[in-house]
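>>> I'll drop the sequence and a predicted model, then ask my questions.
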Amino acid sequence: RKYKYIHVRTVGKGSNVGYIELDRPSALNALCDPLMLEVSNALDDFESDDSIGCVILTGSNKAFSAGADIKQMAPVAKYADIYKAKFLSQWDKIASFRKPLIAAVNGYANVMAGGCEIAMMCDIIYAGDTAKFGQPEIKIGIIPGAGGTQRLPRAVGKSKAMEMVLTGDPITADEAKQYGLVADVFSAKDLLPKVIEKAEKIAANSHLVTSMCKEATNKAFEMTLAEGLHFEKRMFHSTFATDDRLEGMMAFIEKRKPNYSNE
Ligand code: HXC
């Protein structure tokens, strides 16, 4: 496919890691509809490509993303228009993507509003040390609309989340790590090599069982503990219906590397 606002390629020694780079520098990667449609299409392609075991979503050295496109939103005339247009519905593709998705958040500008929300839709966030995370929607007369009031409190706790959404003030990468929003912080120049290394590690496992593992872990945010434990047990049992389960165990016993078929 041809893209205008993103670059898409594969990375890693085995070319088994998908890589999507947002590239709309004139607007600090503001997430206009055409850009998000491109991201959604790229994710669809990586999802249906069996060789891909993990995907990295990243931005530029200046900004991951400054959020939804304010210039696109400003002229919307009325509620009925935005409701009927199902505004931002294509963002859901990021949250429902079945393979591991890592946000590599670089940039000395910001991971703002919708930018922070799409990062939180990813499974793991790694940040460059100059990144900042914020939900400043309140400053322009709206509230977060893609997880800022829901995923953020689950990640950083109520008090910090409230402080962020009510003041609109951003937090630093180090604070984000301290509060559990990001898994790790690297110097800006090391960020991408380090994240590719992590992604290759993830992509080296069975892609099929990895998706099952992601699905089970995500249930921790959606179910009661009893329901989640039940779901996990059934998913664990169902790994025994895969060829890769036997391959993984036999490879351990035979002291060799597993050769997964993703079946
Ligand atoms: C459209 C944007 C933009 C945005 C920046 N730009 N953010 N355009 N939508 N969200 C444009 C600016 O208008 C400017 O264009 C260019 O990008 C550079 O931005 P500057 O402000 O000059 O850069 P800087 O001084 O470095 O400041 C960086 C910044 C600031 C702190 C990130 O740009 C900023 O506050 N942006 C808005 C962040 C925000 O409030 N986002 C909320 C979006 S609402 P020109 O043409 O003037 O050079 C949202 C809702 C989510 O995300 C709901 C989801 C469902």
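Yes, it's here. Numbering: from 1, shown residues only.
>>> Break down this protein into its helices, ranges please.
In the chain, the helices defined using DSSP state H lie at 33-48, 70-73, 79-84, 92-96, 114-121, 151-156, 158-167, 173-178, 191-203, 207-219, 225-239, 243-253.
>>> For the last one, enumerate the helices and strands it packs against.
Helices and strands touching helix 243-253, by 3 or more CB pairs under 8 Å, 6 or more residues apart in numbering; DSSP states H and E, are helix 207-219. The C-beta positions use only the backbone N, C-alpha and C, and glycine is treated the same way.
>>> Just want the angle from the helix it packs on to helix 191-203.
Computed with axes from the mean of the first three to the mean of the last three CA atoms, to 10 degrees, the direction of helix 207-219 lies at 110 degrees from that of helix 191-203.
>>> re the thing from before, just name the most buried of the helices of the chain.
Neighbour counts (mean count of other CB atoms under 10 Å) averaged over each of these peak at helix 114-121, with a mean of 27.
>>> one step back: which among the helices of the chain is found nearest to Thr130?
helix 173-178 (7.0 Å; CB to CB).
>>> Tell me which of the helices of the chain lies nearest to Pro25.
Per CB to CB, nearest to Pro25 of those: helix 33-48, 11.9 Å.
>>> what's in contact with the closest one?
1, 3-6, 8, 18, 20, 22, 24, 29, 52, 55, 57, 69, 72, 88, 90-91, 93-94, 97-99, 101 (CB atoms under 8 Å, 6 or more residues apart in numbering).
>>> rerun that using 7 Å as the cut-off
1, 3-6, 8, 18, 20, 22, 24, 52, 55, 72, 90-91, 93-94, 97-99 (CB atoms under 7 Å, 6 or more residues apart in numbering).
>>> these two touch, right, Asp123 and Cys213?
No. Asp123 lies out of contact with Cys213 (CB atoms under 7 Å); the separation is 10.1 Å.
>>> Overlap in contacts, these two.
Counting by CB under 7 Å, 6+ apart, nothing touches both Asp123 and Cys213.
>>> and the stretch 101-250 of the chain, which of its residues are near the ligand?
Residues of the stretch 101-250 of the chain lying close to the ligand (CB under 6 Å from any ligand atom) are 109-110, 112-114, 117, 136-137, 140, 144-146.
>>> Report the buried residues of stretch 89-107.
90-91, 93-95, 97, 99-107 (16 or more other CB atoms under 10 Å).
>>> How about the contacts made by the nearest residue in space to Ser65 that is not next to it in sequence?
Distance criterion CB to CB, 6 or more residues apart in numbering; nearest residue to Ser65, sequence neighbours excluded, is Gly115 at 3.1 Å. With contacts defined as CB under 7 Å, 6+ apart, Gly115 is in contact with 64-67.
>>> coming back round to it: out of the buried residues of stretch 89-107, show me where the pLDDT dips lowest.
Least confident entry in these, by pLDDT: Gly107, with 76.
>>> Which residue lies closest in space to it, excluding its sequence neighbours?
Leaving aside its sequence neighbours, Gly107 sits nearest to Ala63 (CB to CB, 6+ apart; 4.3 Å).
>>> And the one you found, how close does it get to Ser26?
Distance, Ala63 to Ser26, by CB to CB, to the nearest Å: 11 Å.
>>> between those two, which one's more packed in?
Ala63 (26 against 6; other CB atoms under 10 Å).
>>> What's the separation between that one and the ligand?
According to CB to the nearest ligand atom, to the nearest Å, Ala63 stands 6 Å off from the ligand.
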